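Colleague: Generate coordinates for the sequence data below:
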Amino acid sequence: MPDLEIQVVVVETLGDARTDVPLREISGRGVFTTEVDQAVLIGRADVAVHSAKDLPSATEVAGLVLAAIPERADVRDVLVGSTLNALAQGAPVATGAPRRRVQLAHLRPDLTFVEVRGNIGTRLGKVPNGGALVVALAALERLAIAERATEILPVDVMLPQVGQGAIALRCLAEDRSTRSLLKQIDSPDAHRAVTAERAFLARLGGGCDAPVGGYATIGADRLVHLEAMIAAPDASTVIRRRGVGPDAAEVGTSLAESMLEIDGAAELFGLS
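Modeller: Okay, the predicted model is just below:
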């Protein structure tokens, strides 16, 4: 689409403005998305561009449609500053994500954790002495600084956030022209995978502040394969399960329901 003119509309969200407060302490969902969506709803912009992991899972925004998810970037997390094995006993690890904390703490109960917020540049300047920072590999790659990663954590060690590595594009449901344009960059496989992950999170009632992870892929059999994790906030228990099926939303919902049926899981994890 060489003749298409694109204008970037910069929007500051509540999550961007309140970097001094941990996400879990900011009430409500959509702290990185509400203001961006509102720009489309009031006609200031035609497309809302989101990191898919920031989208609230439980509800859709009236009047908007998730029109496209382009080809997904690498979903893995990385350590900056040290490898996991090289971290000394009790070493500090900087991350604001409960999902990252519980998985690392389950592997290394000796580690200590420090809160970190802000954009990637800000966080890279806060690698603790003698410790490490956890960030998404996709973020480093998009900024062309992937060499800053000291260790890439495989998904069997660190299951990613639901929607991690994916970009979600929303527009007005009635805007057929924009929807048609966005469809041209939609990846059906990425869209199905993220749909499964979001359905899983929606059934749990969790958000980006919950100790929950999920990663779906489309197999050679064209079925959706979803691996998911729920954990106790203190990392005392981490449960991982897999689901597979042809319908993305059904795979996610069914896997969440089966995990909630584990004795005491709903109460232990604060989910319902």
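Colleague: From now on I want contacts and neighbour counts done on CA atoms only, so please keep to that.
Modeller: Fine.
Colleague: top helix in this protein by residue count?
Modeller: helix 188-204 (DSSP state H).
Colleague: Show the subsequent helix or strand relative to that one.
Modeller: Along the chain past helix 188-204, the next helix or strand (assigned with DSSP states H and E) turns out to be strand 212-218.
Colleague: Tell me which residues are up against that next one.
Modeller: 99, 159-163, 189-190, 192-194, 196-197, 200-201, 206, 224-231 (C-alpha atoms under 8 Å, 6 or more residues apart in numbering).
Colleague: Stretch 72-82 now?
Modeller: 124, 127, 130-138, 148-155, 158-160, 164-167, 190.
Colleague: returning to that earlier point: of the contacts of strand 212-218, keep whichever come out buried.
Modeller: Neighbour counting by 16 or more other C-alpha atoms under 10 Å classes 99, 159-163, 189-190, 192-194, 196-197, 200-201, 206, 224-231 among those as buried.
Colleague: rewinding a little: of the contacts of stretch 72-82, buried ones?
Modeller: Among these, those buried by neighbour count (16+ other C-alpha under 10 Å) are 124, 127, 131-138, 149-153, 158-160, 164-167, 190.
Colleague: So which of those residues sit within helices?
Modeller: Using DSSP H, the buried ones among the contacts of stretch 72-82 in helices are 124, 137, 138, 190.
Colleague: Residue 7: which of the residues you listed is nearest?
Modeller: Nearest to residue 7 among these is residue 138, at 23.7 Å by C-alpha to C-alpha.
Colleague: what about the closest residue to residue 130 other than its chain neighbours, how many neighbours?
Modeller: In space, residue 130 comes closest to residue 91 once its chain neighbours are excluded; the distance is 6.4 Å by C-alpha to C-alpha, 6 or more residues apart in numbering. Using other C-alpha atoms under 10 Å, residue 91 has 16 other residues around it.
Colleague: and what of the one 3 residues further on?
Modeller: Counted with other C-alpha under 10 Å, the burial measure for residue 94 works out to 24 neighbours.
Colleague: same check, this time on residue 62
Modeller: If you count neighbours by other C-alpha under 10 Å, residue 62 ends up with 9.
Colleague: How about residue 36?
Modeller: Residue 36 - counted by other C-alpha under 10 Å - has 23 other residues nearby.
Colleague: the strands in the protein, which residues?
Modeller: In the chain, the strands defined using DSSP state E lie at 48-51, 64-68, 77-80, 92-94, 112-114, 132-136, 151-153, 167-172, 212-218, 224-231, 238-245.
Colleague: Mind listing residues that contact the fourth one?
Modeller: For strand 92-94, the surrounding residues in contact (C-alpha under 8 Å, 6+ apart) are 111-116, 126-134.
Colleague: which of the residues you listed sit farthest apart?
Modeller: Greatest spatial distance in the contacts of strand 92-94: 111 and 126, 17.0 Å, computed using C-alpha to C-alpha.
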